[in-house]
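J.: Test case, fold it:
(2 chains)
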Protein chains: 2
Amino acid sequence: MRARVTVYPRPEILDPQGKAILQTLQRVGFESVRKVRAGKSFDLELDVEDRAQAQELLKGMCEKLLANTVVEDYSLELEPESAS
Amino acid sequence: MRARVTVYPRPEILDPQGKAILQTLQRVGFESVRKVRAGKSFDLELDVEDRAQAQELLKGMCEKLLANTVVEDYSLELEPESAS
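T.: Numbering: from 1, shown residues only, chains lettered A, B, ... in the order given. Sure thing, here's the model as predicted:
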């Protein structure tokens, strides 16, 4: 099963990387950008077929390694259910 | 208009960060992980209402700043069309 984990700084946490990107984008001509948040994305392949089990494992990986839940939020997406 | 840009190393490019994460996940007990790719995610707010124009702007930002297209692929998602 394939999955994607997305990790972003919590909304109340400053995001200096996003701010730097915003300022640079505006300086090089993209004045219509109003806001940028910078996060991380992980594509994973799991040797697991059960969706509930995959979800549980991914949650564990985020809590343990992929995200710092003190300052970051994560979201999980599993590949769409196949019509097999 | 809100948008998300996702940037990943091209499939043929080594991804040492993903590899390190894979090895660490397996070591701390997530043996069912088979593969990890590590990428970046950017959430943007644009002062633009036209979807085609937003798409064009985002493409420009990726080519110019957000991605290194020699070694990275990017993908764009615009917020779903509202039913207003």
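
J.: okay, residue A:67: pLDDT?
T.: Residue A:67 is assigned a predicted lDDT (pLDDT) of 98.

J.: Likewise for the one 3 residues further on?
T.: At residue A:70 the predicted local distance difference test score is 96.

J.: how near is it to chain B?
T.: 19 Å (Cβ to the nearest Cβ, to the nearest Å). No exception for glycine: its C-beta is placed from N, CA and C like everyone else's.

J.: And residue A:57, by the same measure?
T.: For residue A:57, the distance to chain B - Cβ to the nearest Cβ - is 6 Å.

J.: list the contacts for that residue?
T.: A:46, A:48, B:30, B:32 (Cβ atoms under 8 Å, 6 or more residues apart in numbering or on different chains).

J.: Count the neighbours of the last one for me.
T.: Meaning residue B:32. 16 (other Cβ atoms under 10 Å in any protein chain shown).

J.: now the first one
T.: Neighbourhood size, residue A:46 [other Cβ under 10 Å]: 21.

J.: Now for it: which residues touch it?
T.: Residues near residue A:46 by Cβ under 8 Å, 6+ apart: A:1-3, A:54, A:57-58, B:32-34.

J.: Tell me the one of those nearest residue B:20?
T.: residue B:33 (12.6 Å; Cβ to Cβ).

J.: correct me, but the closest one touches residue B:23?
T.: No. Contact criterion Cβ atoms under 8 Å: residue B:33 and residue B:23 do not qualify, at 9.7 Å.

J.: neighbour count winner among these two?
T.: Comparing residue B:33 with residue B:23 by other Cβ under 10 Å, the one with more neighbours is residue B:33, at 21 against 12.
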